[in-house]
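Engineer: coords please:
(one chain, ligands or ions: 1)
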Amino acid sequence: MNSTPSSQRTVAVIGAGISGLTCAQRLQKAGFAVTVFEKSRGTGGRMSTRRTDQGFQFDHGAQYFTVRDPRFQRFVEEWQQEGVVAGWNPEIGVLTKGEYEPKQEETLRYVAVPGMNQIGRHLARGLDIHFQTRVRPPVREAAHWLIYDDQDFLLEEFDVVISTAPAAQSAELLVASPNLSFAAQQVKMTGCWAVMLAFEESLGLPFEAAFVNDSPLSWVACNSSKPGREKNVETWVLHASPEWSEEHLERQPNEMLFQLTEAFWSATGLAAREPESLTAHRWRYAVPPEPLSERYLFDQELQIGACGDWCGGPRVEGAFVSGYELAERIIATVRTTSSDRQG
Ligand SMILES: Cc1cc2nc3c(=O)[nH]c(=O)nc-3n(C[C@H](O)[C@H](O)[C@H](O)COP(=O)(O)OP(=O)(O)OC[C@H]3O[C@@H](n4cnc5c(N)ncnc54)[C@H](O)[C@@H]3O)c2cc1C
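Structural biologist: Numbers count the residues shown, from 1 in each chain. Below you'll find the model as predicted:
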């Protein structure tokens, strides 16, 4: 059980992706006692880096991010100064059945260094995070929230709970607040099959990233072209389109490896060759094509809420802003309540 001073409000954040970590950091800085629960072994969520059995590393989820919001901009500038983030300026274009068309554009793309998971690691500093802890829907009891793990073991009790899991999972976690749960249920998230390939020799392609037309694939990128990555092998990440991924979501990874690697050769026009390593990963909930218009959900009476890229989002920036704004809302509520008491 918590041993925090009784005046300090306790918050459970479910999920250590960018929205959860941003929210947790902001709340902790404002004096809340924050605990983060994460079902996997590390931070980052969909902004993570996969190390294959052969030791090759790939950003198999988020590929890069862009920045528009001034609050996110401030953080990204700091991260750049600290060497956590760098610009990525790939030769980029569009691939259609073996034809490559370069794309003229001004988009500033950023990546974390040396892998996308670095932002999660950075944001996790100083936070109390319980890894490999999948939590069950919180239970309301006497103005508190009881948090149990999936073995029905009572972990702790909290004043406030925040879910940052993808929409369908948040709908379950928010079940004690029917309005919030209903709102989360309305957001569909599409899946994505990702394939990771490593080659000892360069493929010699005239681009480092491409959007793909008329193919099961929608995106291919040379992971090793990003700053700070190992350069002694050439690594590629292939993403299947949302439509194709949804249609094949329940298929076996080996089958997807074969089909998507074939699609890569056909999209690039290269003759097939044997990679050093090939791995497939399924993201069941990859992106929300139509996120909620609200930046976050919060039930003031029950003190339970949700944030993530499916609120206001989508993408890395949207997830950051969602977590940031929910924290601000909780901080403002506590300030208003305590000034009401004093008045
Ligand atoms: C294939 C792919 C490509 C993408 N490409 C881009 C891109 O190029 N640019 C871009 O900006 N964005 C991209 N995105 C989207 C981007 O990754 C997300 O918008 C962002 O990372 C979402 O962050 P989040 O914190 O909202 O959620 P998540 O990162 O999903 O974090 C939620 C966390 O909650 C945890 N969790 C869930 N349920 C529980 C539970 N019951 N108990 C404990 N923990 C739980 C999960 O393990 C996870 O770590 C991509 C995503 C994918 C999958």
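
Engineer: how about the helices of the chain, start to end?
Structural biologist: 18-29, 70-81, 117-124, 167-173, 178-185, 242-247, 253-268, 315-342 (DSSP state H).

Engineer: Quick check, pLDDT for the residue nearest the centre of the chain.
Structural biologist: The chain has Arg46 as the residue nearest its centroid, 3.1 Å off, counting by C-alpha atoms, centre = their mean. You'll see Arg46 listed with a pLDDT of 98.

Engineer: on that earlier part again, most tightly packed of the helices of the chain?
Structural biologist: helix 18-29 (a mean of 26; mean count of other C-beta atoms under 10 Å). To be clear about C-beta, it is placed using only N, CA and C from the backbone, and glycine gets the same treatment.

Engineer: and Val139, how many neighbours does it have?
Structural biologist: 14 (other C-beta atoms under 10 Å).

Engineer: Beta-bridge partners for the closest residue to it other than its chain neighbours, please?
Structural biologist: Nearest non-adjacent residue to Val139, counting by C-beta to C-beta, 6 or more residues apart in numbering: Leu146, 4.4 Å away. On the basis of DSSP bridges, Leu146 is bridged to Val139, Glu157.

Engineer: who's in contact with Leu146?
Structural biologist: Pro138, Val139, Arg140, Leu154, Glu157 (C-beta atoms under 8 Å, 6 or more residues apart in numbering).

Engineer: rewinding a little: so who does the residue nearest to the residue nearest to the centre of the chain when sequence neighbours are not counted touch?
Structural biologist: In space, and not counting its chain neighbours, Arg46 is closest to Gly61: 4.1 Å by C-beta to C-beta, 6+ apart. Shown in contact with Gly61 (C-beta under 8 Å, 6+ apart): Gly44, Gly45, Arg46, Met47, Ser48, Met116, Ala194, Trp283, Ala286.

Engineer: Equivalent analysis for Gln63, please.
Structural biologist: Applying C-beta under 8 Å, 6+ apart, we find Gln63 in contact with Val111, Met116, Ala209, Trp219, Ala221, Val237, His239.

Engineer: which residues does the first one form a beta bridge with?
Structural biologist: Residues in a beta bridge with Val111, per DSSP bridges, are Ala86.

Engineer: isn't it right next to Ala221, touching?
Structural biologist: No - taking contacts as C-beta atoms under 8 Å, Val111 lies outside contact range of Ala221: 10.1 Å.

Engineer: got the helices of the chain as a markdown table, with distance to the ligand columns?
Structural biologist: Below are the helices of the chain laid out as a markdown table (distance: least, C-beta to the nearest ligand atom, whole Å):
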| stretch | distance to the ligand |
| --- | --- |
| helix 18-29 | 3 |
| helix 70-81 | 11 |
| helix 117-124 | 8 |
| helix 167-173 | 5 |
| helix 178-185 | 12 |
| helix 242-247 | 9 |
| helix 253-268 | 13 |
| helix 315-342 | 3 |
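
Engineer: Just tell me which of those ends up closest to Leu205.
Structural biologist: Closest approach to Leu205 among the helices of the chain (C-beta to C-beta): helix 253-268, 6.1 Å.

Engineer: how close does the nearest residue to Val76 once chain neighbours are set aside sit to the ligand?
Structural biologist: Of all residues not flanking Val76 in the chain, Val67 sits nearest, at 5.2 Å (C-beta to C-beta, 6+ apart). Val67 sits 10 Å away from the ligand, going by C-beta to the nearest ligand atom, to the nearest Å.
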